[in-house]
Structures are given as structure tokens and as C-alpha cells.
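In: here you go, sequence then predicted model.
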Amino acid sequence: MNKLALLSMLLAPATSFAFFCPTNFNQIDFGATTMQVEQICGKPDKQETTIKKSEGPQEWSYYVQQTVSTTGGMTSMEGTLKTQIAFDAEGKAINISVNGVGVGSTTLCGTSIQLGSTKDAVKAACGEPAFINKAQPSDAPPPQETKIVTYTYNANPPVKLIFEDGVLKDKQ
């Protein structure tokens, strides 16, 4: 093996996703189960369980008010721009279309939305959509349910560990 390659392997830090328990200095990693986290970190101070139902892909339509100039700019009228946002099954924007023209981002609603924006971000910027198209192909699998368990540890600051179907996915 090349000496330079060996030296760089020794000096380069290993990528790790482990972090300390909120209650002690034991390490846990994303992908750990609820049982493993309780064994390593102890029981949480609070535990919440919810069910998240996958809604599948959707297309939201908005009609955004605009002032339109007519007859050489002498007069103006109120009109709308039809804005559609298509979301994938995970709720991320995969297409934004303004009057039939695809765009990567827009500020028509006042706040910028872009490809990859979540449904919550679009709703915060644009409000409730005028129409929601949830049509799915007949061969599409039925929507799935995911069990979300949130462990809250009253550390300083408080820490939330979020599990999806029993597996640690997020830390807040």
C-alpha cells in the first residue's frame, strides 16, 4: 500500500453518526431501537406515540392574485396566476408550475418556495390550497402507516429522540 494513502487513512477522521445520550456520556447512534436507547440512556421523562399516515403523491393548486396591465399599460385589471406544486410520497416538492411553466422556485406567495420544500413550508408560504389532487394509479400500493415515538429527556437543554417504527431517526 502506498505510504501516502496509509497516512491519510490514519489521519482522516472516521465518519460517525454517534452522539451522547442526553442523560449520560454513553454513545448512541441513529438506527438504534427504542429498547437499545432505553438500556443505554435510561427511561425518557416523557414518551409520545403518534401514527403518521403516508398520503402518497399529491398536486396542490393555488390561484395567486395578480394585477395585470392591459391595452398598452393604460389600465390594469385583477387576475390570477395558476400555481401548482406536485409533491412526492415523502411530501417534498418535485415540481412547481406557474401558469403551466415549470420553475425551480417562486416568491409568488410572498415567501420563497422551491423544489424540495415540504408541504408544511408551502402551506406556511401560500396558505391552504384551492384544490388538492390525490389521485393515484389503480396499481399503486395502499398508503402506509408509520408509528412515530418521541422520547423527551429533560436535560439542559431538553432533548427529543424521534423513532420511526422503533428505529431512531432524528434528534432535536
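Out: Yep, it's here. Since we're looking at a predicted model, the values are computed, not measured.

In: just for the protein, where's the confidence low?
Out: 1-16, 71-73, 135-143 (pLDDT under 70).

In: what segments of it are strands?
Out: 18-20, 27-29, 46-53, 58-70, 75-87, 93-98, 101-103, 105-106, 113-114, 131-133, 145-153, 159-164, 167-171 (DSSP state E).

In: and these as CSV, adding distance to V122 and mean neighbour count?
Out: No exception for glycine: its C-beta is placed from N, CA and C like everyone else's. Shown next, in CSV, are these (distance: least, Cβ to Cβ, whole Å; neighbours: other Cβ atoms under 10 Å):
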stretch, distance to V122, mean neighbour count
strand 18-20, 31, 12
strand 27-29, 33, 15
strand 46-53, 18, 10
strand 58-70, 7, 14
strand 75-87, 6, 15
strand 93-98, 7, 17
strand 101-103, 14, 11
strand 105-106, 10, 16
strand 113-114, 5, 19
strand 131-133, 11, 12
strand 145-153, 21, 16
strand 159-164, 22, 18
strand 167-171, 21, 14
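
In: so which of these gets nearest A124?
Out: The minimum distance between A124 and the strands of the chain falls on strand 113-114, with 9.1 Å, by Cβ to Cβ.

In: partners of that closest one, with directions?
Out: strand 105-106 (antiparallel) (DSSP bridges).
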